[in-house]
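> Sequence first, predicted model second:
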Amino acid sequence: MTDPSTRPDHRHHNVAKTYGRKTRALRGIAMQVHRGEIFGLLGPNGAGKSTLVKILMTVIRPTSCEGRVLGRPVGHKPTLARIGYLPEQHRFPEYLTARQALEFFGALSGVERAVRRRRSGQMLDVVGLSRAADARVRTFSKGMRQRLGVAQALFHEPDLILLDEPTDGVDPEGRREIRAVLQEQKRLGRAVMINSHLLSELEMVCDRAAILVNGSVWGQGTLDELTAYDLRYEVAVATPGAPLDDPAPALATRLTTSGIAATAVRRGVVSLATGNPADVQPVIDAARQAGLLVSAVTPLRPSLEDLFMKAVADGRSGAPVAGRAA
Amino acid sequence: MRQAAAILIDAYRELNARRMFWVAVVISLLIVGCFLAIGITERGIQILWFEVPAFINTDLIPAATFYKFMFVQFGINVWLTWGAAILALTSTSGLIPELIRSGAIEMVLSRPISRPKLFLLKYLAGLLFVVLQVLVFTTASFIVIGIRGQSWEWGLFLAVPIVVLFFSYLFSIQVLLGMITRSSTASLLLTLIAWMLISGVHVAESAVLAVRINQEGRIATLDKDLQIREADIAAYTRAPDADASVLARKQDAMEAQRKTRSEAGDTFTLTRRWHEALYNTKTLLPKLAETTTLLNKHLMSEDEITRLLNMQQQRATAGPRGRDRADRVQSEFAATREQANRPLWWTLGTSIGFEAVVLLIAGWLFCRRDF
């Protein structure tokens, strides 16, 4: 029996979109998003992230697409009732109140009247807008509109949620609240796909991510898998009883005599160009033999920002797409 | 059904939020208020409590006909199909550009609703403005005419489908232009220009038709005259005391008349060709004026329409200047009668056909476009 948590909710391969004869927005995308996970879609401006999401939501018609969403082919309209979507820079009808807007879009998604009535209050409460429930959208700040946008995307309790820049214009407190809402959706077993420039935000919530560069997938996988290309260790040492003394010369000598190649030794920190913990042990031994105190052993991996910059640089230099974990 | 109801309710909320809708309602009620203030008596027109002697009185036309005439001439032909229609076009000009605006279109296209259905529902929602306006105006007029004219004319409510149909021709053009230009201002201005062009073709066709009818009459008179002259010459020739010089004069006069007839025939052929070209052009376009005229035909009896037209004709040809233009006025009224008697399939069928083609193009653009 297949574990439902690993069954892909959204899978597509060979998605392509060409504008006119020359401009190719997407060049064949292969991607999977599973239930109960938060998936991040990263990429520089013009990489094709929004185009991909719009194709999934039938806003743009693909030149070719063999993907499936929730078990149905991409473009199957009734399936959209099971997908929540927050477009980038979305607009609500200005004359509606927050409650009316939720009920209107809920009705378009096929939610029954009684359920709409009940759920509008609940959703406004979830995104912290219950006080502004009956205020017109035209009076809302950017952050309030964004919260309302998240609420409408979740309103019909979709199985798959696609959010394009969900925290754009939202203050830190609001971001934290939205993160909590997304974690809750994950807990409920829903698949969440976030398209964002705020890498630190993604880093905090995403289980897996894909990086899109020039309309192609540069790499995808869990954040650990994606950042495994540059794992390092740092060992911090100090001279016992004299923490201000630089232990570097003594340690460098010891490492050289022990035949250990460290990347660098400076001001009590040994940097090792390895991600293997076994390679760290001789350094700890050498430090102890030199009479030094090992104060910290820290595994280091690139941040999402480092990864992003590398992807962009690879894309610019035309480096071949890395065959990263799917 | 749920989605259709949501879109229509949303359209109502949008209208409700627009001042233009309420401005139009207030003007409608003011016009109906004028109907209430104006009456017809045996001696003339009554405004509030004051009687103004006029050529129109209850001896000439019954009170009910007078009110129906006012309803059609001022209420429908002036207010609803001009003033209110412009206000409606202004209000609905943003409907499509706002729908397809970046950030808004994604919110609706990402729902389980097909693009053709969404397009059609939005179009119908746009007609809601006019449906509500005409309903308010007609209901108020129905009550006022019932009270003042002592005649409860249910036929007045035919104004609802007719005026909505009239507006829908223009609205379809506006929807297409909104899809192409993506701008409410551009679509409004271009729709008003299209309206002017359509009306221009109608006015030109009416004028050329009147000229054609006038020329037909003239040719008929000339033919009759020629027949009389021929008979006269034939009779004169047979007369025993026929004078050769008199006969020659008669024959010269007939030749001159034949020449005039031949020239009139040539001019008529040219006019007929022009009229055919204009008529064919008009066949392809929506029949705005003829559509509203349908209301006259259904609201008033043949006798009432004839009496009203005769009354208008008499008034137009009254006085020394009027007598000079009697021929022209007669042709114009004959042209109006001919236009009013054109078959229903031509008036409505070709107009609805035009609207369907325009909407199909707009719908096709909406369904094919990447937003």
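Good, I have the coordinates.
> Leaving out the residues flanking it, which one is nearest to the spatially most central residue of chain B?
The centroid of chain B falls nearest to B:Ala289 when counting by CA atoms, centre = their mean (1.3 Å). Nearest-residue entry for B:Ala289: B:His202, 5.3 Å, with adjacent residues in sequence omitted and distances by CB to CB, 6 or more residues apart in numbering or on different chains. For the C-beta atoms, the positions are set from N, CA and C on the backbone; glycine is no exception.
> hang on, the one you found packs against B:Pro286?
No. B:His202 is beyond contact range of B:Pro286, at 9.9 Å (criterion: CB atoms under 8 Å).
> Residues of the stretch 101-250 of chain A that sit close to chain B?
Counting by CB under 8 Å from any CB of the partner chain, the stretch 101-250 of chain A comes close to chain B at A:104-105, A:107-110, A:112-113, A:152.
> coming back round to it: now do the residue nearest to B:Ala289: how many residues are near it, please.
19 (other CB atoms under 10 Å in any protein chain shown).
> Likewise for the one 10 residues further on?
The tally of other residues near B:Arg212 (other CB under 10 Å) stands at 20.
> And B:Gly217, by the same measure?
The criterion is other CB under 10 Å. On that basis, B:Gly217 has 14 neighbouring residues.
> correct me, but it touches B:Ser331?
Yes. The pair B:Gly217 / B:Ser331 is scored as a contact, 7.1 Å apart, by CB under 8 Å.
> picking that back up, in contact with the residue nearest to the centre of chain B, which residues?
B:199, B:202, B:339 (CB atoms under 8 Å, 6 or more residues apart in numbering or on different chains).
> buried sites along the helix or strand where it lies?
B:Ala289 belongs to helix B:288-299 when assigned by DSSP states H and E. Applying a neighbour-count criterion of 16 or more other CB atoms under 10 Å in any protein chain shown, the buried positions in helix B:288-299 are B:288-296, B:299.
> Return the residues of the stretch 101-250 of chain B in contact with chain A.
On the criterion CB under 8 Å from any CB, chain A has as its neighbours in the stretch 101-250 of chain B the residues B:101-114.
> Domain-wise, how is chain A divided?
Structural domains assigned to chain A are A:4-224, A:232-300, following automatic domain parsing.
> just to revisit the earlier point, buried by neighbour count, from the residues of the stretch 101-250 of chain A next to chain B: which ones?
By neighbour count, with 16+ other CB under 10 Å, these hold A:104-105, A:107-110, A:152 as buried.
> Tell me which two in those are the farthest apart.
A:Gly110 and A:Gln152 (13.7 Å; CB to CB).
> Not counting its neighbours along the chain, what's nearest the residue of the stretch 101-250 of chain A found nearest chain B?
In the stretch 101-250 of chain A, no residue comes nearer to chain B than A:Ala107, which is 3.5 Å away by CB to the nearest CB. Counting by CB to CB, 6+ apart, B:Ala6 is the residue found nearest to A:Ala107 once chain neighbours are left out, at 3.5 Å.
> Over to A:Ser216: give its phi and psi.
Torsion angles at A:Ser216 (phi, psi; degrees, to the nearest 10) stand at phi -130, psi 160.
> Any regions of the chain where pLDDT drops low?
I went with chain A, as the question did not name one. Filtered on pLDDT under 70, chain A yields the residue ranges A:1-25, A:243-244, A:261-264, A:318-326.
> my bad, the chain I had in mind was chain B
Applying pLDDT under 70 to the predicted model, the residue ranges of chain B that meet it are B:320, B:322-324.
> Past the longest helix seen in it, which element shows up next along the chain?
Identified as the longest helix of chain B according to DSSP state H is helix B:184-238. Using DSSP H and E, the helix or strand that follows helix B:184-238 in sequence is helix B:244-284.
> Who are the packing partners of that next one?
Judged by 3 or more CB pairs under 8 Å, 6 or more residues apart in numbering or on different chains; DSSP states H and E, the packing partners of helix B:244-284 are helix B:184-238, helix B:350-368.
> can you pull the buried residues of stretch B:221-235?
Judged by neighbour count (16+ other CB under 10 Å), stretch B:221-235 contains these buried residues: B:222, B:229, B:233.
> Helices of the stretch 51-200 of chain B, start to end?
Here the stretch 51-200 of chain B has its helices, by DSSP state H, counting those that start in this stretch, at B:63-70, B:84-92, B:95-99, B:105-109, B:115-149, B:159-181, B:184-238.
> do you know which of those lies nearest B:Tyr12?
In terms of CB to CB, the element of these nearest to B:Tyr12 is helix B:115-149, at 6.4 Å.
> Correct me if wrong: B:Thr181 contacts B:Leu190.
Yes. Distance between B:Thr181 and B:Leu190: 7.1 Å, which falls inside the contact criterion (CB under 8 Å).
> thinking again about what came up before, the residue of the stretch 101-250 of chain A closest to chain B is in contact with A:Arg117, isn't it?
No. Under the criterion of CB under 8 Å, A:Ala107 is not in contact with A:Arg117, lying 10.9 Å apart.
> in what helix or strand does A:Val33 lie?
Counting by DSSP H and E, the element that carries A:Val33 is strand A:23-34.
> Now that strand: buried residues?
Of the residues in strand A:23-34, those buried by neighbour count under the rule 16+ other CB under 10 Å are A:24-27, A:29-34.
> Same question for stretch B:170-189.
B:170-179, B:181, B:183-184, B:187-188.
> List every C-alpha atom in it, with coordinates, as PDB.
In PDB, the C-alpha atoms belonging to stretch B:170-189 read as follows (Å, rounded to 0.1, in the frame of the first residue of the first chain):
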ATOM      1  CA  LEU B 170     -24.000  48.600 -28.000                       C
ATOM      2  CA  PHE B 171     -22.700  46.700 -25.000                       C
ATOM      3  CA  SER B 172     -21.500  43.800 -27.100                       C
ATOM      4  CA  ILE B 173     -19.400  46.400 -29.100                       C
ATOM      5  CA  GLN B 174     -18.100  47.800 -25.800                       C
ATOM      6  CA  VAL B 175     -17.200  44.300 -24.500                       C
ATOM      7  CA  LEU B 176     -15.200  43.600 -27.700                       C
ATOM      8  CA  LEU B 177     -13.400  46.900 -27.600                       C
ATOM      9  CA  GLY B 178     -12.700  46.400 -23.800                       C
ATOM     10  CA  MET B 179     -11.100  43.100 -24.700                       C
ATOM     11  CA  ILE B 180      -9.000  44.600 -27.400                       C
ATOM     12  CA  THR B 181      -8.000  47.900 -25.700                       C
ATOM     13  CA  ARG B 182      -8.000  46.700 -22.000                       C
ATOM     14  CA  SER B 183      -9.000  50.300 -21.200                       C
ATOM     15  CA  SER B 184     -12.400  51.500 -19.900                       C
ATOM     16  CA  THR B 185     -12.000  55.000 -21.300                       C
ATOM     17  CA  ALA B 186     -10.900  53.800 -24.800                       C
ATOM     18  CA  SER B 187     -13.700  51.300 -25.000                       C
ATOM     19  CA  LEU B 188     -16.300  53.900 -23.900                       C
ATOM     20  CA  LEU B 189     -15.100  56.500 -26.400                       C
END
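> Mark out where each domain of chain B begins and ends.
Described in terms of automatic domain parsing, the domain architecture of chain B consists of the residue ranges B:2-212+B:279-368, B:213-275.
> Just name the most buried of these.
With neighbours defined by mean count of other CB atoms under 10 Å in any protein chain shown, none of those is more surrounded on average than domain B:2-212+B:279-368, at a mean of 18.
> Quote the end-to-end distance of that one.
Distances were taken as CA to CA, to the nearest Å; on that basis the terminal residues of domain B:2-212+B:279-368 are 25 Å apart.
> Likewise for stretch A:199-211?
One end of stretch A:199-211 sits 11 Å from the other (CA to CA).
> next one: that stretch to chain centre, how far?
Here stretch A:199-211 is found 2 Å from its chain centre; the criterion is CA atoms, centre = their mean, to the nearest Å.
> repeat for stretch B:285-302
Averaging C-alpha coordinates over stretch B:285-302 and over its chain gives two centres that are 7 Å apart (CA atoms, centre = their mean).
> so how far is B:Val108 from A:Val297?
Noted for A:Val297: a distance of 55 Å to B:Val108, by CB to CB, to the nearest Å.
> One more: A:Arg118?
If you go by CB to CB, the gap between A:Arg118 and B:Val108 works out to 23 Å.
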